[in-house]
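The sequence isn't on hand, but the structure is:
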Ligand code: SF4
């Protein structure tokens, strides 16, 4: 089969992982570590070396990128000047489209006007702030190290630095949360005027402090009907404020959808750099070692920092593209799928797909296959049957 490196002529994405935070949140199972345990300057040097090395890799050097995302962890654990240098070297070494989307993640108490100014100057044009809640007792329960007031201050600073595309991350279904205080968080959020919101239900992960508490039966979460109520309220509030739900958990004002994540959901090309980052290049999935020290030492000793590589079959890549694409409320373009993989969902899934359509869990609209309003709240169950 013809290589699928550049599906439908689309440009790709670059993700840079900064695995350090001030401390570990109680719910967190991401590849992140308290910064004081690590040589974070040594990590940055290794990262710079990998950025330069991958830019001349035969799979990469011809590729055009349209997004750069520096995530974590908490990237702004580094001074703005260092992060700015990282952005500038990516812009210099890789081929980018004319106006790439450049996002940086941050947390409310790990940000200063100086850092924001440096990021802006280097070309960052989108900021993603981990607010999670505007209720102090809940933030404390989550192990967050900032207050609601610091959240508001961070948003104001970002505006002052000239960021006009701000995402706020929020969570619901938290221990001690009820519909009333979730409503207050939504009201405060909307009053700050964000362009984009990523709103996730708390998932209790085994390898997190909450996972340990849950295993000992010591974590009390809101009841299922409360969660459903919170979800309805979210949709109602955001729709009436002019947001479009364009993915299961992501809402944007028109024109502010996150291009970087859309590329993932369309299963485009992505280059991951840094500890634990994953690349999707052609049909290859290449993952980095998780441990930041191991990553730093491998690179310092001129060894590849990879943990594994997998070559996906055409069918596996097709299924992955269907599942990821259905996360977007617009669904998947079936003609695009056919041209990329030579497969169509109805031929491939046959009776399973028909059954979902008959039960009003999937629908075909024009050329697109998508989840229905009825299946959005149970999307993960539907998607798991298409794996
Ligand atoms: S700030 Fe984010 S990445 Fe860091 S520990 Fe908390 S949830 Fe994890």
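Everything's here; your move. Just so we're clear, the structure is a prediction, and the values are computed from it rather than from any experiment.

Confirm that residue 36 sits in a helix.
Yes - assignment of residue 36 by DSSP: H, G, I helix; E, B strand; the rest coil places it within a helix.

At which residues are the strands of the stretch 101-250 of the chain located?
126-132, 166-172, 196-201, 244-247, 250-252 (DSSP state E, counting those that start in this stretch).

Let me have those strands in JSON lines, extended by mean pLDDT.
Output for the strands of the stretch 101-250 of the chain, formatted as JSON lines (pLDDT from 0 to 100):
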{"stretch": "strand 126-132", "mean pLDDT": "98"}
{"stretch": "strand 166-172", "mean pLDDT": "98"}
{"stretch": "strand 196-201", "mean pLDDT": "98"}
{"stretch": "strand 244-247", "mean pLDDT": "97"}
{"stretch": "strand 250-252", "mean pLDDT": "98"}
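
Residue 279: which of these is closest?
strand 126-132 (20.9 Å; C-beta to C-beta). To be clear about C-beta, it is placed using only N, CA and C from the backbone, and glycine gets the same treatment.

interface residues of the stretch 1-150 of the chain facing the ligand?
21, 24, 25, 28, 30, 32, 72, 73, 74, 107, 130 (C-beta under 6 Å from any ligand atom).

And the second one, its phi and psi?
Dihedral angles of residue 24 (phi, psi; degrees, to the nearest 10) stand at phi -100, psi 130.

Now do it: how many residues are near it, please.
Residues near residue 24, counting by other C-beta atoms under 10 Å, number 15.

per-residue pLDDT, the nearest residue to residue 375 once chain neighbours are set aside?
The shortest distance from residue 375 to any non-neighbouring residue, by C-beta to C-beta, 6 or more residues apart in numbering, is to residue 361 (4.1 Å). pLDDT for residue 361: 96.

contacting residues for residue 361?
371, 372, 374, 375, 378, 382 (C-beta atoms under 8 Å, 6 or more residues apart in numbering).

I'd like to know how far the second one sits from residue 200.
It refers to residue 372. 21 Å (C-beta to C-beta, to the nearest Å).

now do the first one
To residue 200, residue 371 is 17 Å away according to C-beta to C-beta.

Compare those two and say which is more crowded by neighbours.
Higher neighbour count among residue 371 and residue 200: residue 371, with 22 against 14, using other C-beta under 10 Å.

any idea how far the more buried one is from residue 332?
To residue 332, residue 371 is 10 Å away according to C-beta to C-beta.

The stretch 251-387 of the chain: helices as residue ranges?
Listed in chain order, the helices of the stretch 251-387 of the chain (DSSP state H, counting those that start in this stretch) span 259-265, 292-300, 314-325, 334-341, 345-349, 351-358, 379-384.

among those, which is nearest residue 210?
helix 379-384 (18.9 Å).

Pull out the buried positions in that closest one.
Neighbour counts over helix 379-384 (16 or more other C-beta atoms under 10 Å) mark 379, 382, 383 as buried.

domains for the chain, by residue range?
By the assignment in automatic domain parsing, the chain contains the domains 7-265, 331-384.
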